[in-house]
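Student: generate a structure from the sequence data that follows.
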Amino acid sequence: MQTGWTRADIRALFDLPFAELLFRAQTVHRARHAANEVQLCTLLSIKTGGCPEDCGYCSQSAHHGTGLKAEKLMDVESVLAAAREAKAAGSQRFCMGAAWRSPKDRDIPKVAAMIQGVKAMGLETCMTLGMLDAPQARALADAGLDYYNHNLDSSPEYYERVTTTRTFQDRLDTLGHVRDAGVAVCCGGIVGMGETREDRIGFVHALATLPRHPESVTVNALVPIRGTPLGDMLAGTPMAKIDDIEFVRVVAAARIAMPLSMVRLSAGRESMSEATQALCFMAGANSIFTGDKLLTTGNAGDSADAALLAKLGLVPMAGEEPMRVAAA
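Tutor: So this is what the prediction gives:
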């Protein structure tokens, strides 16, 4: 697993003719993944709103006037009911997100019960709870957590324009605690936040040079939400939607740079054409969130996803993720 990529290496991928880039990405993908399989995941907000962080894209920040009402942590049985529905709809991984800067120690037993209950259904579990210290990461691991999501958001250079309440190093520290606890990592970010191509190169480079590639890499397109700094800055401007071809380039570069990782086509998909999504799958994306909602923003929905996958001849993933098999 190559983690010694340079920025020049990643830049060279972005600069390839588009057809050549897709050919290389598809070649890498087929060598390590089932060609026409897609992992189906569901994301549930288990604690919505009131977050003390000031992330410029997020409707759940207490700093922004989005009108979102803060809610308490859901009870365990309600979360398990949602997980049962997700499994019945075909999901293979159930992801739970809480709008916290970091969980309080008193929250961990309840979160652990959610993990244990979801795993008992035969679903993979993923949590995103903000920053973790080492004991918290170990507690989640002891509960059986499969994945922890903690995104880098953007390049190290652009990061401070996205949020000021934590640093890029804070993100890396949490990822380190998760790794040390033996939990797999889900990590990616958002494109279309007003960044330059050089920032997108830096974003892929930062992921590809982690001590170990993330088992899952999430590639999100910004959904501009009114009341958030980035939403208000970008809504109604030509920058409000990243160029589709450029977005596909990010997916393809991620696939080539992190060959064994699952690459998840995440937020923003509901506004993408079927053709753009098809190009993303050709570029090596092989994981999606299904359902009508991603935390607080809209998603394509199960029926629309089923129709698209059928049109493209894609089927739900049958086996284990390659990186987890390699580590076994």
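Student: which residues are in contact with the strand or helix carrying Cys126?
Tutor: Using DSSP states H and E, Cys126 maps to strand 124-128. The set of residues external to strand 124-128 that reach it, using CB atoms under 8 Å, 6 or more residues apart in numbering, is 41, 92-98, 111, 115, 118-119, 140, 144-150, 186, 216. For glycine as for every other residue, the C-beta is placed from the backbone atoms N, C-alpha and C.
Student: strand partners (parallel or antiparallel) of that strand?
Tutor: Applying DSSP bridges, strand 124-128 is found paired with strand 93-98 (parallel), strand 147-149 (parallel).
Student: buried stuff in the helix or strand following the shortest one?
Tutor: Tracing the chain past strand 147-149, the next element assigned as helix or strand by DSSP H and E is helix 168-180. Across helix 168-180, burial judged by 16 or more other CB atoms under 10 Å covers 168, 170-179.
Student: quick one, helices of this structure?
Tutor: Here the chain has its helices, by DSSP state H, at 7-14, 18-32, 76-88, 108-120, 134-142, 168-180, 197-208, 229-234, 244-257, 274-282, 302-312, 322-327.
Student: next, format these as TSV and append mean pLDDT and distance to Val162.
Tutor: Listed next are the helices of the chain as TSV, based on pLDDT from 0 to 100; distance: least, CB to CB, whole Å:
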stretch	mean pLDDT	distance to Val162
helix 7-14	98	19
helix 18-32	97	26
helix 76-88	93	29
helix 108-120	96	26
helix 134-142	96	24
helix 168-180	96	10
helix 197-208	97	10
helix 229-234	69	8
helix 244-257	96	16
helix 274-282	95	23
helix 302-312	86	29
helix 322-327	78	27
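Student: relative to Ala221, which of those is closest?
Tutor: Using CB to CB as the measure, helix 244-257 is the one of the helices of the chain that comes nearest Ala221, at 5.9 Å.
Student: and that closest one, what's buried?
Tutor: Neighbour-count burial for helix 244-257, counted by 16+ other CB under 10 Å, picks out 244, 247-257.
Student: ditto for stretch 103-121
Tutor: 103, 107-108, 111-115, 117-119.
Student: next: stretch 16-30.
Tutor: Within stretch 16-30, the residues that count as buried by 16+ other CB under 10 Å are 16, 21-22, 24-26, 28-29.
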